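Q: Here's a sequence, model it:
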Amino acid sequence: MTTPRITRTVLAVPGHRQKMLQSAAASPADAVFIDLEDAVPPEKKQEALDCATQALKELDWGAKWVSVRINANEAGVAEHEIVTLARDAGRLDALLIPKVESVATVREVERLSSTRPAQHAPLAIEALIETARGIVRVDDIAASSERIAALHFGVGDFSASIGARNVEIGGAHPGYALTLKNEAGNYTTAALDLWTYPMMRLLVAARAFGLRAIDGPCGAFRDPVLTRAWALKAAAMGYDGKQVIHPDQIEPTRAAFMPSAAEVESARRTIDALRAAQSAGLAAVSLDGRMIDFANVRMAERILAMAAA
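A: Numbers count the residues shown, from 1 in each chain. The predicted structure follows:
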């Protein structure tokens, strides 16, 4: 089994804030994306690009996966940013492309980033899916290039794209609920998750084409309970990680994506049991009152892989 790249926590950091870039490089996050887009005021865009390029040359990023979120405009992607980063930012692993809605955008990024020096590996591309059109076309986007490494769910902009009434980025409005009336005339209300469909839609596309799936951030960055709960939801669905917008979110998010000791032990017992069954010429075996086969082993292997790093 190929060991997956672990990106449980993807820390966003504004490109024009030098001290924050230094902190991000030294942080325990698995991955960092340097933001040239939403977190940077219009008059600071060039400064952010310059700072990002310098930081990628000079700072020690360790084993982190490092990407830069570029800008998008009416004409498409920001050509100057892509060419500069591909040419000058040697430590860069990937370009994170906002509001991807078509294969044409991926093709354009591929073309513009071809200026990458020969001594460096080609830049990976991560597609940020954050509009209704992007979700509709997510299969084609996921399959569009061998350089696509991950799909990110941009929950904030997606909310605006579909016209959802939202309270907190990543959360659901309390009005999005199901109210029922029983035979006695009493009402019960259950909260619903507004993001189940787009999150699963993106996840299926990512898995179909061998990509990582990264959930968008929890906007309540000072709330460790919500931070961990929303990360746990994404982890339970099968996501590989989640964006975080503040260093305080790193640990609760990482913990949510780490399998528990009980899950790890169960995974090991599952693999051992099926190995014993294979030795006896069987393809399935009963363990703790449940039937397990090779599908269970594949699930168990993923749990161990997520726990190992």
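Q: use CA for all of it now, contacts and neighbours both
A: Will do.
Q: Strands along this structure, start to end?
A: 9-14, 31-35, 65-69, 72-73, 76-77, 94-97, 124-129, 148-153, 177-181, 187-191, 212-215, 241-244, 285-287, 290-292 (DSSP state E).
Q: Compare the mean pLDDT across those strands and name the weakest.
A: For the strands of the chain, the weakest mean pLDDT is recorded on strand 76-77, namely a mean of 70.
Q: Show the pLDDT at the residue of the chain positioned farthest from its centre.
A: What lies farthest from the middle of the chain is A184; by Cα atoms, centre = their mean that is 45.6 Å. pLDDT, A184: 95.
Q: Give me the phi and psi for it.
A: phi -80, psi 0 (degrees, to the nearest 10).
Q: before we move on, the earlier item: could you dump the strands of the chain to JSON lines with mean neighbour count and distance to E110?
A: Putting the strands of the chain into JSON lines (neighbours: other Cα atoms under 10 Å; distance: least, Cα to Cα, whole Å) gives the following:
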{"stretch": "strand 9-14", "mean neighbour count": "27", "distance to E110": "23"}
{"stretch": "strand 31-35", "mean neighbour count": "26", "distance to E110": "19"}
{"stretch": "strand 65-69", "mean neighbour count": "24", "distance to E110": "15"}
{"stretch": "strand 72-73", "mean neighbour count": "13", "distance to E110": "15"}
{"stretch": "strand 76-77", "mean neighbour count": "18", "distance to E110": "11"}
{"stretch": "strand 94-97", "mean neighbour count": "25", "distance to E110": "10"}
{"stretch": "strand 124-129", "mean neighbour count": "24", "distance to E110": "8"}
{"stretch": "strand 148-153", "mean neighbour count": "25", "distance to E110": "10"}
{"stretch": "strand 177-181", "mean neighbour count": "11", "distance to E110": "43"}
{"stretch": "strand 187-191", "mean neighbour count": "11", "distance to E110": "42"}
{"stretch": "strand 212-215", "mean neighbour count": "27", "distance to E110": "19"}
{"stretch": "strand 241-244", "mean neighbour count": "28", "distance to E110": "24"}
{"stretch": "strand 285-287", "mean neighbour count": "14", "distance to E110": "48"}
{"stretch": "strand 290-292", "mean neighbour count": "12", "distance to E110": "44"}
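Q: do you know which of the ones you listed lies nearest S23?
A: Closest approach to S23 among these is made by strand 9-14 (9.2 Å; Cα to Cα).
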